[in-house]
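Asks: Curious how this folds, go ahead:
(chains A, B and C)
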Amino acid sequence: MSILIDHVSRRFETFAAVNDLSLEVAEGELLALLGPSGSGKTTLLRLIAGLDFPDAGRILIGGRDATHLSAGERRIGFVFQHYALFRHMTVRQNIDFGMRVMPAARRPAMAERRARVERLLATVQLDGLGDRFPAQLSGGQRQRVALARALAIEPCVLLLDEPFGALDAAVRRDLRRWLRQLHDELPVTTIFVTHDQEEALEVADRIVVMNAGRIEQSGTPVEVEAAPATAFMYGFLGGASRFDVTVAAGRVSLAGRPLPPEAVELTAGVADGPATGFVRAHEFRLLPAGDPASLLDARVSHVVTHGGTARVELALGAGRTIEAELPRAAWESLALAPGAPVGLRPERVAVFPPG
Amino acid sequence: MPAATDGLGARLLIAAALLIALVTLVVPLALIFASAFAEGWAAYVANIMQPDTLHAVFLTVLTAVIVVPVNMVFGIATAWAVARYDFPGRKLMISLIEIPFSVSPIVAGTIYLFLYGQQGLLGPTLQSWGVQVMFSVPAIVLVSLFVTAPFVARELIPLMQAQGSEDEEAALSLGASPWQTFRLVTLPNIRWALLYGAVLTNARAMGEFGAVSVVSGSIRGQTNTLPLQIELLFNDFNVVGAFAAASTLALIAVATLVLKFLLERHAQ
Amino acid sequence: MPMTSLQRRRRVMPGFGLSMGIALTYFALIVLLPLVAMAIKTASLGWEDYWKIVTAPRSLASFRITLTAALAATVVNAVVGLLFAWVLTRYRFPGRRLLDALVDLPFALPTAVAGLTLVTLFAPNGWFGRYLEPLGIKVAYAPLGIMAAMFFTSIPFVVRTVQPVLEDLSADVEEAARSLGARPWQVFALVIWPVILPAFLAGTTMAFARSIGEFGAVVFIAGNLPMVTEITSLLIFIRLDEFNYPAAAALASVLLLVAFLLLFLTNSLQARVLRHARRD
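Replies: Numbering: from 1, shown residues only, chains lettered A, B, ... in the order given. The predicted structure is shown next:
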């Protein structure tokens, strides 16, 4: 079902965890809520689940106002960060729990309950483990039990809080791919919270990046990756270098040298005077020292080549280091050793108001 | 990881601890049973079967049967309120619960006397209604409730705080009613600590001496609990009888220790 | 009002009203109401009478006897408790589990049983008394007996507060200190002692509070001679028996105040224990 979050706020004492936030999630969408810790993403998820209530605003699920419904009335599957499996129940009993507590009138017959549990065990690839207790399972298996338990109530929306947070890297990669496949087979509207951008980029249809209780940017992984919309986004996505630049009549200069207009992306609200520019690692061109096209002088301090790319650490002087990324072949053709001087030319500079 | 035990210092410390434990804990326990059976089985049974002692056993069990469930309910309610919500005065509440522990048993009895006694706050009013609390069974039950009030709560609070509310939230989001959530999720999660709290409550309720001796009136065969009966027999120079009565309470104490040991293993 | 601010926000976890209602009502009826009755009784005395009762020679003697015996018992308990806690957490030896279980015996054993047992042990013909009396050490019906009873009934406090902290103090911290060149006594003094100190103090405070209030075990062994072996709890009991309620109220209020003071002290100390525990 679709979800509409309409000007929702939630404060804790004086701290606004979610601040006048609006968001629409389409039916069947797989959405990632991405953000640093403390950005309010988990609070938003709990507000949708009915595990917390907003101070202001409305939450509509499937067009119906759910703002005042309790968690149980919303029919939302929630997967907790630490799974919250009932430790005294077997895997089967855990999955069956939601059906067991249904009012008798709505509760499926015993045979149907059993069949559904077995079906879900197969779906989450845990056949044969139904009689184990949670303590006898690995982290990834527990995660899948939690998911099966949430799916057993045939939820209209599935919410996952840091679903892969507590798992080791290899299991995490497998589970991500598997979650993506599961969503393709079972297209329930799904929102998951994560602080890991790689995870969000890989799994989600759409990414919503949160910061300080508000939405910073929303878009498909490709859009967000290609065009970070705010200074925060550049900082959060990482790998970008920050420069103090000067704006005069629409022309931007870096360290006193004017930047070519085609390389500059001025955002709205940038006035004449000092401003902040961001250059991402792969948007630097490296040139031989002294090349007239060079805009910055640097020195190579360290190089890591990995696969087809080279990551070069460059010293700008005054103790400042930045990172550039280029194809391995291009790097090798420059034939530079650590310590060698090198020229830098930013191909694209995103300019934001100073701050 | 425990350190190696082969050093001389370690051996000396272990030997000292075992020796002290032998003198202060093992010997007294042994003495109780040795004295109780000093005149043989027949005398032991005769001592226990004495009507006053039997009545004391009955009254002690009756008190425990009332006190334990009541304080379990109080303990669960308090632990739930304190561990599941944040409210002003929460920390104060946690420390106030400990009051009955820190108060001398005699003072516990005294404050009840000043509440329900003839010159007490409520005593005269209750008396005019024909309700006699002091020097009767209700008074014994009330002071026993007071002295054992914190046991269950203090076992449950740290556990429930450590467990957090995620399990209950999961149950609620799966559609469970509050009562289902409590019965199917909370109660199984706390059962061992709850049982241990109940065991401690029982031990103290059966063994309370000071507070009960103030409010019971120690009427032979009527308001004498086992601990009071022990004192009575001792003052009558019936030492073997006193030890026979004491041995029953000592058995409960040993059972309490065994249960504690088993429950702690279960909880792990 | 705090209550209104409590109710304003909707709570997800059900049962706030019910659990809070049960907890507060019960607490008010069982704990608070009798304390209020006691406060009213004491307040009706007037300061002059109160002072006269509290400073009467027999009262003062009972305070002195109670305090000295409790202090002595607590000092012994501090040492023994630390030894037990250390041995139980640091070494593996036959009988360790039994010792661990037995430490709680004084809590589980009714005080009257403890008193009966101790007086029998220390009587002139008792298992201990027969060896101590010839040496001129009189325990039963003497101040030393009061101390013995207080010691026995409060054995578990120091052990049970220090033990979890010692268990929690991971061995790698000690190994780190050793690898940095610290000698064993330095490891104890600089690494272990500061961590267990708050728990140790909380445990000794609890043991002291328990000793001050102990009644059952003491009355059996003390002999209860006014001015010599009469503890404050017993004096209250005697005053109640004489229907001298004002005197009982005044003396009980002194014990109550001491108890509250010690409770406050224990709570602040335990808050510090928790601060140490929250180190990850």
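Asks: going forward, measure contacts and count neighbours with C-alpha atoms only.
Replies: Fine.
Asks: Residue A:20: what secondary structure?
Replies: strand (DSSP: H, G, I helix; E, B strand; the rest coil).
Asks: Show the end-to-end separation of stretch A:129-148, please.
Replies: 13 Å (C-alpha to C-alpha, to the nearest Å).
Asks: quick one: is that stretch near chain B?
Replies: No - Stretch A:129-148 is not in contact with chain B by C-alpha under 8 Å from any C-alpha of the partner chain; minimum separation 9.6 Å.
Asks: And residue B:94, how far from residue C:158?
Replies: 21 Å.
Asks: residue contacts, residue 19?
Replies: All of this refers to chain A. With contact taken as C-alpha atoms under 8 Å, 6 or more residues apart in numbering or on different chains, residue A:19 is in contact with A:8, A:9, A:10, A:11, A:212, A:213, A:214.
Asks: ah, no, chain C please
Replies: Neighbouring residues of residue C:19 by C-alpha under 8 Å, 6+ apart: B:77, B:78, B:80, B:81.
Asks: Which stretches in the stretch 1-150 of chain B count as helices?
Replies: In the stretch 1-150 of chain B, the segments counted as helices under DSSP state H, counting those that start in this stretch are B:8-21, B:27-36, B:40-48, B:51-84, B:90-96, B:99-102, B:105-116, B:123-128, B:137-148, B:150-163.
Asks: closest to residue A:56 out of the ones you listed?
Replies: Taking C-alpha to C-alpha, helix B:51-84 is the member of the helices of the stretch 1-150 of chain B nearest to residue A:56, at 24.0 Å.
Asks: List the buried residues for that closest one?
Replies: For helix B:51-84, the neighbour count (16 or more other C-alpha atoms under 10 Å in any protein chain shown) marks B:52-57, B:59-61, B:63-64, B:66-68, B:71-84 as buried.
Asks: Output the below-cut-off pLDDT ranges for chain A.
Replies: Along chain A, the model assigns pLDDT under 70 to no residue.
Asks: need the residues of it near chain B, please.
Replies: Going by C-alpha under 8 Å from any C-alpha, the residues of chain A near chain B are A:49-51, A:71-78, A:80, A:84-88, A:97-98, A:101-102, A:150, A:153.
Asks: Can you select the buried ones from these in PyMOL?
Replies: Applying 16+ other C-alpha under 10 Å to the residues of chain A next to chain B leaves a buried subset, and the PyMOL line that selects it is:
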select buried, chain A and resi 49+50+51+71+72+73+74+75+76+77+78+80+84+85+86+87+97+98+101+102+150+153
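Asks: Mind checking which of the residues of chain A next to chain B land in helices?
Replies: Under the assignment DSSP state H, the residues of chain A next to chain B contribute A:49, A:71, A:72, A:73, A:74, A:97, A:98, A:150 to helices.
Asks: still on that earlier bit, just the ones in strands from the contacts of residue A:19, please.
Replies: Within the contacts of residue A:19, residues falling in strands by DSSP state E are A:8, A:9, A:10, A:11, A:214.
Asks: how far away is the first one from residue B:131?
Replies: Put plainly, it is residue A:8. 59 Å.
Asks: Also the last one?
Replies: Between residue A:214 and residue B:131 the distance is 65 Å, computed by C-alpha to C-alpha.
Asks: And for residue A:90?
Replies: With distances taken as C-alpha to C-alpha, residue A:90 is found 53 Å from residue B:131.
Asks: More neighbours: which of those two?
Replies: Neighbour count, other C-alpha atoms under 10 Å in any protein chain shown: between residue A:90 and residue B:131, residue A:90 has more, with 19 against 12.
Asks: Now do the contacts for the residue nearest to that one when sequence neighbours are not counted.
Replies: Ranked by C-alpha to C-alpha, 6 or more residues apart in numbering or on different chains and with sequence neighbours excluded, the top spatial neighbour of residue A:90 is residue A:133, at 4.5 Å. Going by C-alpha under 8 Å, 6+ apart, residue A:133 touches A:87, A:88, A:89, A:90, A:91.
Asks: residue contacts, the closest residue to the last one other than its chain neighbours?
Replies: In space, residue A:91 comes closest to residue A:130 once its chain neighbours are excluded; the distance is 4.9 Å by C-alpha to C-alpha, 6+ apart. Neighbouring residues of residue A:130 by C-alpha under 8 Å, 6+ apart: A:90, A:91, A:92, A:121.
Asks: Can you tell me the SS state at residue A:130?
Replies: Of the three states, residue A:130 takes coil under three-state DSSP.
Asks: what do you get for residue A:343?
Replies: Per three-state DSSP, residue A:343 ends up strand.
Asks: same thing with residue A:286?
Replies: Strictly by three-state DSSP, residue A:286 counts as strand.
Asks: So is stretch B:171-185 next to chain A?
Replies: Yes - using C-alpha under 8 Å from any C-alpha as the criterion, contacts between stretch B:171-185 and chain A involve B:171, B:172, B:173, B:174, B:175, B:176, B:177, B:180, B:185.
Asks: From the chain's centroid, how far away is that stretch?
Replies: 31 Å (C-alpha atoms, centre = their mean, to the nearest Å).
Asks: could you give the mean pLDDT of that stretch?
Replies: Throughout stretch B:171-185, pLDDT has a mean value of 94.
Asks: quick revisit: mind putting the contacts of residue C:19 into TSV with distance to chain A?
Replies: Shown next, in TSV, are the contacts of residue C:19 (distance: C-alpha to the nearest C-alpha, whole Å):
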residue	distance to chain A
B:77	21
B:78	22
B:80	18
B:81	18
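Asks: a markdown table for those residues, including pLDDT and distance to residue A:143?
Replies: Listed next are these as a markdown table, based on pLDDT from 0 to 100; distance: C-alpha to C-alpha, whole Å:
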| residue | pLDDT | distance to residue A:143 |
| --- | --- | --- |
| B:77 | 96 | 32 |
| B:78 | 95 | 33 |
| B:80 | 95 | 28 |
| B:81 | 94 | 30 |
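Asks: Of these, which are in range of chain C?
Replies: By C-alpha under 8 Å from any C-alpha, the members of those lying near chain C are B:77, B:78, B:80, B:81.
Asks: my read: the first one touches residue C:22, true?
Replies: By that I understand residue B:77. Yes - judged on C-alpha atoms under 8 Å, residue B:77 makes contact with residue C:22 at a distance of 6.3 Å.
Asks: Now whatever residue of chain B ends up closest to chain A. Its backbone dihedrals?
Replies: Using C-alpha to the nearest C-alpha, the single residue of chain B nearest to chain A is residue B:175, 3.9 Å away. Backbone dihedrals for residue B:175, given as degrees, to the nearest 10, come out at phi 100, psi 10.
Asks: need the helices for chain A, in chain order.
Replies: Taking DSSP H as the criterion, chain A carries its helices at A:41-49, A:71-74, A:91-100, A:110-123, A:139-151, A:169-185, A:197-203, A:221-226, A:231-237, A:328-334.
Asks: helices or strands next to the shortest one in the packing?
Replies: I take that to be helix A:71-74. helix B:166-173 (3 or more C-alpha pairs under 8 Å, 6 or more residues apart in numbering or on different chains; DSSP states H and E).
Asks: And for the last one?
Replies: Contact analysis of helix A:328-334 by 3+ C-alpha pairs under 8 Å, 6+ apart lists strand A:309-317 as its packing neighbours.
Asks: what does the strand it packs on contact?
Replies: If you take C-alpha under 8 Å, 6+ apart as the criterion, strand A:309-317 is touched by A:297-305, A:321-328, A:331.
Asks: now chain B, which segments are flagged as low pLDDT?
Replies: Applying pLDDT under 70 to chain B flags the ranges B:1-6, B:218, B:220-221, B:267-268.
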